[in-house]
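Enquirer: With the input below, show me the fold.
(chains A and B)
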Amino acid sequence: MTLSYRPGDSLAHRLDPRTKLAFQVAFAVAAFAHTNPRGLLALSLVPLGALRASGVSVRKSLREYRFVFPFLMAGPVVAAVTLGPPWVRVDAGVETAMASYRVVLVLLVSAAYLRTTPVRDSRAAIQHLVPGKVGRLLGTGVGFVFRFLPVLQADLRRIREASAARLGDERGLVARMRLVGIAGLSRALSRADRFALGLRARCFAWNPTLPRLSFSRGDLPVLAASLALLGWAFV
Amino acid sequence: MIETRDLVHRYGDEMENDEGRATAIDGVSLSIPDGEFVLLAGPNGSGKTTLVRHFNGLLQPDEGEVLVDGTPVSEDLVAARTRVGMVFQQPRDGFVAATVGADVAFGPENLGLAREEIDRRVEEALSAVNMEDRREDRIDELSGGERERVAIAGALAMEPDHLVLDEPFTGLDAPARESVVEHLRNLKAAGTGVVLVTHDLRDAFDLADRVVALGEGRIAVDGPPAEVRERLAGFGIRVPPVSLGEGPPEQNP
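Expert: As a prediction, the model looks like this:
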């Protein structure tokens, strides 16, 4: 899967995870503040730069997010169509389309983060930024999700393959979705049980020793860019 | 007949160039006639599982082609998946229903058969693995060996010409392994072709008509078990010891 951490030596790999989180948040705020075409056009350059700095191709990232696109494309259609005259409200459709586009930009920036940040570093960054029990809970939750999700994806893939091997793909879409959904849920629950057992067996702790984080000079321009994005968001 | 012609399969992002992807199968040409019992051996990562997944179209070749009874798999997936049954390495990966009977019926239902025919096939398939009285049992309450047998029954219910089993002995104790071997013996006697993927040949060596060993995605050894026994050891493949009377013929003075 492209959108999981891969070791590397790109510029983004060398950044402190707190810097990358700050940049992500600042970009998201700016993207939600500037929803006009000119603002979105300017913001479009940011994901391109972020992906380039992390060594991830734009095409691959878009492909990884392909399952989101039907929902993002359905939004403008639903917003534009009315149940009575005038039947189609173009302005509402365009506005929602720009909102959907904004989401794509945020997802692309997050792709750069995911590709260049180990789960443990993300957890450490979150616990540094959000102190106390809330931070520990958030950090642990993020760690669990990023570790558990690829396993579940692999389970779903195996269920689909097994079904296809006995011609399950000859069934209708609804039947296939029901089959993968029910089998997937059952597998997820069983995985969760084993995951919990594994955690207990290996002395799971809410406050383990986390990786040491440190800012370097390379973080400064990115932090400055984050501040600039935040400043622009509130102009 | 299953046939591969110069089959190449690479893993990795399809948008990468060929150099950026790992080659799992590297130009394999192989013919498996109907009714033949083939042991497909090789160390971990040699490409065994990748190769057999091409037999019923679960993977698409990057180069070359795969044919079942002379028809390219890509042209008729239904025919390929009907003629080549697949039992996965982890049986639980292959289950799609909660009970034994419902799971074994899954394949025949997808063929659009009449209910009576489906019932007959389920009955026969379960009977072939001695599970005929377990039809209403929940799969998650079965032992490892029983799950393996249900997985075999699920593939048999498609009435395939060839049955492919990917590492069926993984995690099974000795009695369960012997039970699976016994069922494979019955399948062979009934004329069903078997492709058994394994890196440990000890369980089914005597049943095999032929051993094919893969090394780094290529065919390294191919021949009758007795002839290739010595060469297999060089690939880290476990073979059973030579039994008395099986050695080379004595030289007369």
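Enquirer: Would you confirm that B:Met158 contacts A:Arg166?
Expert: Yes: here B:Met158 lies in contact with A:Arg166, judged by C-beta atoms under 8 Å, at a distance of 6.5 Å. (Each C-beta comes from the backbone N, C-alpha and C, glycine too.)
Enquirer: Below-threshold pLDDT in chain A: ranges please.
Expert: For chain A, the stretches with pLDDT under 70 are A:1-2.
Enquirer: for it, what's the longest helix?
Expert: helix A:132-165 (DSSP state H).
Enquirer: try chain B
Expert: From DSSP H, the single longest helix across chain B is helix B:174-189.
Enquirer: Dump it to CSV, restricted to CA.
Expert: In CSV, the C-alpha atoms belonging to helix B:174-189 read as follows (Å, rounded to 0.1, in the frame of the first residue of the first chain):
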residue,chain,number,x,y,z
ALA,B,174,0.0,-35.7,12.9
PRO,B,175,-3.5,-37.3,12.9
ALA,B,176,-5.0,-34.3,11.0
ARG,B,177,-2.2,-34.4,8.5
GLU,B,178,-2.8,-38.2,8.0
SER,B,179,-6.5,-37.6,7.5
VAL,B,180,-5.9,-35.0,4.8
VAL,B,181,-3.4,-37.3,3.1
GLU,B,182,-6.0,-40.0,3.2
HIS,B,183,-8.5,-37.8,1.5
LEU,B,184,-5.9,-36.8,-1.1
ARG,B,185,-5.3,-40.5,-1.8
ASN,B,186,-9.0,-41.0,-2.4
LEU,B,187,-9.1,-38.0,-4.7
LYS,B,188,-6.3,-39.4,-6.7
ALA,B,189,-8.0,-42.8,-6.9
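Enquirer: And the contacts of the following helix or strand past it?
Expert: Toward the C-terminus, helix B:174-189 is succeeded by strand B:193-197 as the next helix or strand (DSSP states H and E). Applying C-beta atoms under 8 Å, 6 or more residues apart in numbering or on different chains, the external contacts of strand B:193-197 come out as B:2, B:32-41, B:48-49, B:52, B:55, B:89, B:161-168, B:184, B:187-188, B:204, B:207-208.
Enquirer: In ChimeraX, select just the buried ones from these.
Expert: Restricted to buried positions by 16 or more other C-beta atoms under 10 Å in any protein chain shown, the ChimeraX selection for the contacts of strand B:193-197 reads:
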select /B:2,32,36,37,38,39,40,41,48,49,52,55,89,161,162,163,164,165,166,167,168,184,187,188,204,207,208
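Enquirer: Of the contacts of strand B:193-197, which belong to strands?
Expert: B:2, B:32, B:37-41, B:162-166 (DSSP state E).
Enquirer: got CSV for these, with pLDDT and distance to A:Ala125 too?
Expert: Listed next are the ones in strands among the contacts of strand B:193-197 as CSV, based on pLDDT from 0 to 100; distance: C-beta to C-beta, whole Å:
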residue, pLDDT, distance to A:Ala125
B:Ile2, 96, 52
B:Ile32, 96, 54
B:Phe37, 96, 57
B:Val38, 96, 53
B:Leu39, 94, 51
B:Leu40, 95, 47
B:Ala41, 91, 47
B:His162, 95, 53
B:Leu163, 94, 51
B:Val164, 95, 47
B:Leu165, 94, 47
B:Asp166, 92, 41
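Enquirer: nearest to B:Ala176, of these?
Expert: Proximity of those to B:Ala176 was ranked by C-beta to C-beta; the top entry is B:Leu165 with 13.8 Å.
Enquirer: Closest to the centroid, which residue in chain B?
Expert: B:Val164 (2.1 Å; C-alpha atoms, centre = their mean).
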